[in-house]
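Participant: Let me see the structure of the following:
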Amino acid sequence: MKKNQSFSQKILSWFEQEGRTDLPWQQQVNPYRVWVSEIMLQQTQVVTVIPYYERFMQQFPDVKALANAHLDEVLAHWSGLGYYARARNLHKSAQLINSEYKGVFPTQFEDVIQLPGVGRSTAGAILSLACGQYHAILDGNVKRVLGRAFMFDGWPGNTKVAQKFWQQAIELTPEQNTAQYNQAMMDLGAMVCTRSSPKCQRCPIDELCQAKISGKQQEYPHKKPRKTKPIKKTKMLMIRSEGQGILLFKRPPVGIWGGLLSFPELEQQHSINDWCQNNLGLSLEEHEEWPVVRHTFSHFHLEITPVKIVLKSPIDNVMEEGGWVWYKDCGWHKNKVPPGGFAAPVSRLLERLKESE
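Facilitator: Below you'll find the model as predicted:
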């Protein structure tokens, strides 16, 4: 117990001097604001999240504003942040809170953990940081600190290994100043106990850290056993028509890039001319293939062959009700929200199209 107290006290003392207190979601603190930040911070670093968060909160300042917004608008404000299921879950959760809790974010752990996209650690972070409740957390930063400090063997994503991490996190988390401690652990992992170059000389628990003492910081926490990611290939047709714009379609609401605007796609072995004949009612005279672009997902690599097609005459038989749209403004700037969400490679290809013309 004394060792645990020493650990927690060192963390809290460090936070008083070094911890972050000026982040946007640390101002005007409430569960909604903290919830949005915690979802955005899943898989994404603070420096990347901040501008997205500020624009998002300006557009959707509370649960009701988010619940009443169209999903396309939410995805547009998320465009470029990646992992779009997070945005869809936020929107779905906001609608649930609006209907089940009269637009007031719930403050009971059992209710919060039921929200789409919210797990045990996220629920604990929301309620401890926004409401001062006692809950341990175990995000990626905390896993890294604990994995090194106690040299836990095994990948933290494994259920049995995760149980050891959770048990240790619970034992260390103080019942008083829980919010400050949890924020301190996240800050320590993000600022000092970093993945590749830990700054051990700045760490408040370096004398307690078993990995530091053993010189094995780089070995902990253990990484996920590596598997070779499969490679999938596709062609993206960047079809431009004078006076109409660029042909896009809205992807299905579930699956990769669900609900986002994208280019028409076809498999590598399929004929571009046949696709144009069957879908646009015209024979293709010429097209320009660009170099392959690789986009990596968590479970596979996608190799995209962009194909630029410029039509000399307008098309009248592309059906709007089928999810097809002509996008006429390819010149938006960073401070202007596009008319729908785009996956990162699609957004980059649109920019290249603009530059090429």
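
Participant: where in this structure is pLDDT low?
Facilitator: Where the chain drops to pLDDT under 70, the residues are 1-3, 283, 285, 314, 316-322, 329-340.

Participant: can you list the domains in it?
Facilitator: The record's domain split for the chain, according to automatic domain parsing, is 2-219, 231-356.

Participant: any idea which of the ones you listed is most buried?
Facilitator: For the domains of the chain, the largest average neighbour count (mean count of other C-beta atoms under 10 Å) is found in domain 2-219, namely a mean of 17. Yep, even glycine has a C-beta here, placed from its N, CA and C like the rest.

Participant: Kindly reformat the domains of the chain as TSV and extend each row with distance to Pro225.
Facilitator: Shown next, in TSV, are the domains of the chain (distance: least, C-beta to C-beta, whole Å):
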stretch	distance to Pro225
domain 2-219	7
domain 231-356	14
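
Participant: As a check, name the ranges of all strands in the stretch 151-300 of the chain.
Facilitator: 231-241, 245-250, 261-262, 265-266, 288-289, 293-296 (DSSP state E, counting those that start in this stretch).

Participant: and of those strands, who's closest to Phe152?
Facilitator: Across the strands of the stretch 151-300 of the chain, Phe152 has its closest neighbour in strand 293-296 (28.0 Å, C-beta to C-beta).

Participant: List the beta-bridge partners for Lys308.
Facilitator: Met238, Glu288 (DSSP bridges).

Participant: sorry, back to before: would a markdown table of the strands of the stretch 151-300 of the chain with distance to Ser121 be doable?
Facilitator: Listed next are these as a markdown table, based on distance: least, C-beta to C-beta, whole Å:
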| stretch | distance to Ser121 |
| --- | --- |
| strand 231-241 | 31 |
| strand 245-250 | 33 |
| strand 261-262 | 32 |
| strand 265-266 | 36 |
| strand 288-289 | 45 |
| strand 293-296 | 25 |
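
Participant: among those, which is nearest Gln28?
Facilitator: Across the strands of the stretch 151-300 of the chain, Gln28 has its closest neighbour in strand 261-262 (33.0 Å, C-beta to C-beta).

Participant: roughly how far is that closest one from the heart of the chain?
Facilitator: Its chain's C-alpha centre and that of strand 261-262 lie 18 Å apart, by C-alpha atoms, centre = their mean, to the nearest Å.

Participant: Contacts for it, please.
Facilitator: The contact list for strand 261-262 (C-beta atoms under 8 Å, 6 or more residues apart in numbering) reads 236, 248-251, 325, 327, 339-343, 346.

Participant: what's near enough to touch Gly82?
Facilitator: Gly82 neighbours (C-beta under 8 Å, 6+ apart): Gln43, Thr44, Ala344.

Participant: which one of those is nearest Ile137?
Facilitator: So of the contacts of Gly82, ranked by how close each gets to Ile137 (C-beta to C-beta), first place is Gln43, at 15.8 Å.

Participant: is it true that Trp290 touches Pro306?
Facilitator: Yes. Between Trp290 and Pro306 there is a contact under C-beta atoms under 8 Å: 4.1 Å.

Participant: between those two, what contacts are shared?
Facilitator: Arg352.

Participant: And the helix or strand where Val145 lies, what does it pack against?
Facilitator: Assignment of secondary structure by DSSP states H and E places Val145 within helix 140-150. Where contact means 3 or more C-beta pairs under 8 Å, 6 or more residues apart in numbering; DSSP states H and E, helix 140-150 is packed against helix 159-172, helix 178-191, helix 210-214.

Participant: wait, which of those is closest to Leu266?
Facilitator: Between Leu266 and the helices and strands packed on helix 140-150, the tightest spacing by C-beta to C-beta is seen for helix 159-172, at 40.6 Å.

Participant: Between helix 178-191 and that closest one, find me the angle.
Facilitator: For helix 159-172 against helix 178-191, the angle by axes from the mean of the first three to the mean of the last three C-alpha atoms, to 10 degrees is 130 degrees.

Participant: quick one, helix 159-172 and helix 140-150 angle?
Facilitator: 80 degrees.

Participant: Give me the residues contacting helix 159-172.
Facilitator: With C-beta under 8 Å, 6+ apart as the test, helix 159-172 has contacts from 4, 7-8, 120, 136-138, 142-143, 146-147, 150, 152-156.
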